[in-house]
Each structure stands twice: as structure tokens, then as C-alpha cells.
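> Requesting a structural model of the entry that follows:
(one chain, ligands or ions: 1)
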Amino acid sequence: MEIFHSPKELKDFLKDKNKTIGFVPTMGALHDGHISLFKKARSENEIVVASVFLNPTQFGENEDLDKYPRNDERDIRIARICEVDALFMPKPEEIYDKNEPLIKAPEKLATILEGKTRPGHFDGVLRVLNKLFNIVKPTKAYFGKKDTQQLAIVENMVRTFFMDIEIVPCDIIRESDGLAISSRNAYLSEEDKLYALKISQSLAKAGAMIKKGELSTNSIKTQMLSILEPLEIDYVAITNRRFEPLDKIELDNTFILVAANVGQTRLIDNLWV
Ligand code: AMP
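The predicted structure follows:
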């Protein structure tokens, strides 16, 4: 595995290779969720590129950029074990210029749910991905369903900007108890984790109710809220695949999305129905 710090070095490495490139963008603190994306990329492409870049522009002023877990050495070991060919670890100065055009995520998708609590977050996500896609020029790029709204906003950019990239959605990887794996889980104490578990439990309850034939989103939400009650809930939303609220579950066209704070840690999870 080769490690690159500058866009130019990585571009030179990839130039004229004429091979399919699978790309996995991450913010580091790699875990089993990231590893599943690396493995999928490895199985579908001739070259696998991963990035570890803690992107400052997607964090709000009062968010956790400064305390976000970092462990470059461990990340390098994990990427190597996963047979990543090129690991891109740039510094913000290598990516951003004081004078550059800014991309804005579409308002309808980016000011609800995550975007409502984190204004500007998706602008920062698209700003960095636009650059990373230009540097790597991937055939396919891999994104977790863990961040469903991000996935939709990236798909929208690729489609509307006529980018020749296939976006590959990847299933959520969970701990054996159901907790969706996240770099931010590192902030949780053992006690916090018991609270955090209520998020996946509420989604499991929703799934079980739907399996039994319950389609009223009000009834499902009520049950979910009773499980989530001990947490500081940001939102519980039941929407169609365009993130529009639903009265009745539509099979194969529904997202159930939760965001909640456990202590100082903001966690998200979701279920595709
Ligand atoms: P991050 O480093 O948090 O920006 O995540 C990088 C990529 O990994 C994103 O596409 C995430 O959706 C994905 N990801 C994070 N956690 C998981 C998980 N538990 N299962 C699947 N994908 C994940």
C-alpha cells in the first residue's frame, strides 16, 4: 500500500493506469463499518483508494472537530490489511484554498433532519467530495447507509453534475448487540452504551411492528419514542426515499431515521424498509 499526502502525488500514481478504481472516503478512526466498505471496494475494482481526511468544513463551530478520535498509525495498519492500494491522508492546507468556488447542497435535501441541526454540514461534505472525486476519478465510490441523508445528497450531486461515478450504498455494520458502529462510539462510557442501544432497539421495534402488518407511522413513532424516552431525541422521522414524511409505511420506499444525544455524543441510525 502506498500512502499519499498531496493531491498531486496521488494523481500521478493513478494517472494512465486505465484500471477500475473503487474509492472509499472516510474521516479516519477506522472501524468495522469502514472495513466493510474497503472489502466491497476490493471485490469490485482493480485499484482501491481510501482517504482518511478529517474534513473541517463539514463541522459546525460548536461540534466535535477538535476532539474527534484520530489514530493515523492504526488507520494505516487497517487499510493495509484490507488491501487498499493507495491511502490518501492530506492536510487541510493541501485540500482547501482561500479563494475557491463553493458548492451548496440543495436546500430541500440539506436543511431537514441532519441539516436542520447541523446547518452547512452537507455543503462541507459536498465541498470535500467534489475535490476528492476530481483527484481520484473513481469508477465507483462506496458510502454507508448509516449516513442515509449524506448518501442521497451525494447521489444527487453525482447525477446533477453529470459525474461518471457509480455510488454504491453499503449496509450498516452493527455491534453484536445492535449498536450501529461509529467513530463517535469511542466517546461512550459503558453506561452511555446501554443508553445508546435504545436507538437500534427502537428501530428494531419499528421493523418488528411493520413485519406484523402495522403500517401507521404514528403508532410506530409512538412506540419508538417510548423506547427512546431516556435520551435527548433530536428527531424520529419516517419518510419516503425523498425524505418526505409518510402517514403510512410504503414497503421498499421508506426510511426510518433517528438522531439522539447520549450525554454529549450525537448518534444517528436508520432502517430502510
Ligand atoms: P466517516 O468516517 O464517519 O465519514 O464514514 C465514512 C464512510 O463509512 C461513510 O460512507 C459512512 O456512511 C460509512 N460508515 C460509517 N459507519 C458505518 C457503519 N456502521 N456501517 C456501514 N458504513 C458505515
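
> On the C-terminal side of the host helix or strand of A152, identify the next helix or strand.
Assigned by DSSP states H and E, A152 belongs to helix 148-160. Counting by DSSP H and E, the next helix or strand C-terminal to helix 148-160 is strand 166-170.

> Show me what the helix or strand containing T222 is packed against.
Assigning secondary structure by DSSP H and E places T222 in helix 217-228. Other helices and strands packing on helix 217-228, by 3 or more Cβ pairs under 8 Å, 6 or more residues apart in numbering; DSSP states H and E, are helix 190-211, strand 232-240, strand 254-262. The way it works is simple: take the backbone N, C-alpha and C, and place the C-beta from them, glycine included.

> Run through the residues of the stretch 51-200 of the chain sitting next to the ligand.
The stretch 51-200 of the chain has residues F143, G144, K146, D147, C170, I172, I173, A180, I181, S182, S183 near the ligand, with proximity defined as Cβ under 6 Å from any ligand atom.

> Keep only those of those residues that are in strands.
Of these, the ones assigned to strands by DSSP state E are F143, G144, C170.

> In TSV, list those along with neighbour count.
TSV is the format used below for those (neighbours: other Cβ atoms under 10 Å):
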residue	neighbour count
F143	20
G144	22
C170	19
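
> Output those residues as TSV; include the columns pLDDT.
Converted to TSV, these look like this (pLDDT from 0 to 100):
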residue	pLDDT
F143	98
G144	98
C170	98
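
> Surely R70 is in contact with F53?
No. Using Cβ atoms under 8 Å, R70 makes no contact with F53, being 11.0 Å away.

> between those two, what contacts are shared?
Residues touching both R70 and F53 (Cβ atoms under 8 Å, 6 or more residues apart in numbering): G28.

> Between these two, which is the more surrounded one?
Higher neighbour count among R70 and F53: F53, with 19 against 13, using other Cβ atoms under 10 Å.

> how near is the more buried one to I3?
Distance, F53 to I3, using Cβ to Cβ, to the nearest Å: 13 Å.

> before we move on, back to that, from the helices and strands packed on helix 217-228, which stretch is densest packed?
Of all the helices and strands packed on helix 217-228, strand 254-262 has the most neighbours on average by mean count of other Cβ atoms under 10 Å, namely a mean of 22.

> rewinding a little: closest to the ligand out of the ones in strands among the residues of the stretch 51-200 of the chain next to the ligand?
Among those, G144 lies closest to the ligand (Cβ to the nearest ligand atom), at 2.2 Å.

> hang on, that closest one packs against G33?
Yes. Using Cβ under 8 Å, G144 is in contact with G33, at 5.7 Å.

> now I256, nearest residue through space, not along the chain?
Distances taken as Cβ to Cβ, 6 or more residues apart in numbering put L271 closest to I256, at 4.5 Å, once the chain neighbours are dropped.

> tell me the contacts of the one you found?
The contact partners of L271, taken as Cβ under 8 Å, 6+ apart, are L203, A206, G207, F255, I256.

> Identify, from the residues you listed, the entry nearest to the ligand.
Relative to the ligand, the closest of the contacts of L271 is L203; by Cβ to the nearest ligand atom it sits at 13.2 Å.

> and the nearest residue to V158 once chain neighbours are set aside, how many neighbours?
Spatial nearest neighbour of V158, chain neighbours left out: I165 (5.3 Å); criterion: Cβ to Cβ, 6+ apart. For I165, the neighbour count with other Cβ under 10 Å is 21.
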